[in-house]
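Novice: quick one, what's the 3D model for this:
(one chain, ligands or ions: 1)
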Amino acid sequence: MIRLNALFLPLLMACTLVQAAPLPVEEAAPGVFVHHGTHKDIDTDYGGDICNIGFIVGERGVAVIDTGGSAKVGRQLREAVRRVTDKPILYVINTHIHPDHIFGNAAFKQDNPVFVGHDKLAGAMTQRKDAYLRNQVQWVGADAADSEIIPPSLAVKATHTLDIGGRVLHLTAHPVAHTNNDLTILDDKTATLWSGDLIFVERTPSIDGDLKGWLSVIDQLRGIQAARVVPGHGPVTIDWKTALDNEQRYLSTLLQDIRAAIKAGKTMEQTMETANRSEQGKWALFDIVNRRNVNTVFPALEWE
Ligand SMILES: [Zn+2]
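Specialist: Okay, here's the model as predicted:
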């Protein structure tokens, strides 16, 4: 018996390594599957699983939308796809550059999908590649092993449609807002809008693009006919216009408060303590992310 165990142990271990446990997913609408990460900051050992990632199943094949913060999370997402369907994975779409959304791409290379992103995504990846790969070890520890940045092979400049069989995905590349490479996906069959980080629900919106640009993109998003939104972070939301109201209020109050602080001769450090206090308690990770937003926005507004 002992000899048998010794013989099979390496084999069992190899199997565990290859077979990733599938991520739990919710079917938010027919054929639309979402995995929800937890509200953690991207920091030491955050685990790579903090945003919404998932996939849409068509008659012809599957479109994956965002892949998680590590190759391991990507493999677990791939396993979740395989639990639902054995149809080919045709597309892997990234909503934007951020590491919690893109580092799982590597797990889908074996499927030879078309990688899809905003026209500006490849450039952003080139610019940030070294820093992201360096930080990845700190961010996800041993899970950084197979980390790789995979740029889009199909770049969306304005709009593009992907027919995955029985349903068409309408992709829109937006002007600078959350980042300079935000892409949204609208599934025509269920009117589900996959917004990436253009819409935050529960979690404090973080700015890595342009605050004023984001406010104008919010106005454009209001024109979309969507029955529900899969935000970048937070629950799938039916009343997404209210979610947009909340986000707009957070961002415009931040803009007002920073402008007022600059006018009153306050420093950036002082402004970090005072800006947007009325929003505290309304958002997860407020203290960390709000300070960081002031740090990003203050220098740009100083030269208005
Ligand atoms: Zn983001």
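Novice: look through the chain and tell me its longest strand.
Specialist: strand 192-200 (DSSP state E).
Novice: counting by contacts, list what it packs against.
Specialist: strand 183-187, helix 211-221, strand 228-233, helix 240-263 (3 or more C-beta pairs under 8 Å, 6 or more residues apart in numbering; DSSP states H and E). Where you see a C-beta, it was placed from the backbone N, CA and C, and this is true even at glycine.
Novice: flag every buried residue along the third one.
Specialist: The one in question is strand 228-233. For strand 228-233, the neighbour count (16 or more other C-beta atoms under 10 Å) marks 228, 229, 230, 231, 232, 233 as buried.
Novice: and for the second one?
Specialist: The neighbour-count check on helix 211-221 (16+ other C-beta under 10 Å) flags 211, 212, 213, 214, 217, 218, 221 as buried.
Novice: let's have the buried residues of strand 228-233 in CSV, adding pLDDT and distance to the ion.
Specialist: Converted to CSV, those look like this (pLDDT from 0 to 100; distance: C-beta to the ion, whole Å):
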residue, pLDDT, distance to the ion
228, 98, 20
229, 98, 15
230, 98, 14
231, 98, 11
232, 98, 6
233, 98, 8
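Novice: tell me where this structure has strands.
Specialist: For the chain, applying DSSP E gives strands covering 26-29, 32-36, 52-57, 62-65, 89-93, 114-118, 154-156, 159-163, 168-173, 183-187, 192-200, 228-233.
Novice: direction included, what does the first one pair up with?
Specialist: As defined by DSSP bridges, the strand partners of strand 26-29 come to strand 32-36 (antiparallel).
Novice: for the fifth one, same thing?
Specialist: For strand 89-93, the paired strands and their directions (DSSP bridges) read strand 62-65 (parallel), strand 114-118 (parallel).
Novice: same check, this time on the longest one
Specialist: For strand 192-200, sheet partners with direction are given as strand 183-187 (antiparallel), strand 228-233 (parallel), following DSSP bridges.
Novice: now distance to residue 110 too, for those strands, in a markdown table please.
Specialist: Shown next, in a markdown table, are the strands paired with strand 192-200 (distance: least, C-beta to C-beta, whole Å):
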| stretch | distance to residue 110 |
| --- | --- |
| strand 183-187 | 23 |
| strand 228-233 | 25 |
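Novice: closest to residue 40 out of those strands?
Specialist: strand 228-233 (10.3 Å; C-beta to C-beta).
Novice: what does the closest one contact?
Specialist: 28-29, 32, 34, 37, 39, 50-52, 54, 65, 95, 101, 178, 190-203, 236-238, 240, 243 (C-beta atoms under 8 Å, 6 or more residues apart in numbering).
Novice: can you list the residues of the stretch 51-200 of the chain near the ion?
Specialist: Residues of the stretch 51-200 of the chain found near the ion (C-beta under 5 Å from the ion) are 98, 197.
Novice: nearest spatial neighbour of the residue nearest the centre of the chain, skipping sequence neighbours?
Specialist: The centroid of the chain falls nearest to residue 101 when counting by C-alpha atoms, centre = their mean (4.1 Å). Closest residue to residue 101 apart from its sequence neighbours, by C-beta to C-beta, 6 or more residues apart in numbering: residue 66 at 4.4 Å.
Novice: next one: residue 158
Specialist: Leaving aside its chain neighbours, residue 158 sits nearest to residue 173 (6.0 Å; criterion: C-beta to C-beta, 6+ apart).
Novice: and the pLDDT for that neighbour?
Specialist: Looking at residue 173, its pLDDT stands at 98.
Novice: so what's it up against?
Specialist: For residue 173, the contacting residues are 118, 119, 120, 156, 157, 158, 159, 181, 182, 183, by C-beta under 8 Å, 6+ apart.
Novice: now those residues as TSV including distance to residue 140 and neighbour count?
Specialist: Shown next, in TSV, are those (distance: C-beta to C-beta, whole Å; neighbours: other C-beta atoms under 10 Å):
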residue	distance to residue 140	neighbour count
118	24	27
119	28	15
120	25	21
156	28	21
157	32	9
158	34	9
159	34	9
181	22	29
182	24	28
183	24	28
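Novice: still on that earlier bit, narrow the contacts of strand 228-233 to those that are buried.
Specialist: In these, burial by neighbour count holds for 28-29, 32, 34, 37, 50-52, 54, 65, 95, 101, 178, 190, 192-203, 236-237, 240, 243, counting by 16+ other C-beta under 10 Å.
Novice: if I pick the residue of the stretch 1-150 of the chain found nearest the ion, what's in contact with it?
Specialist: Residue nearest to the ion within the stretch 1-150 of the chain (C-beta to the ion): residue 98, separated by 3.5 Å. Contact analysis of residue 98 by C-beta under 8 Å, 6+ apart lists 42, 51, 179, 197, 208.
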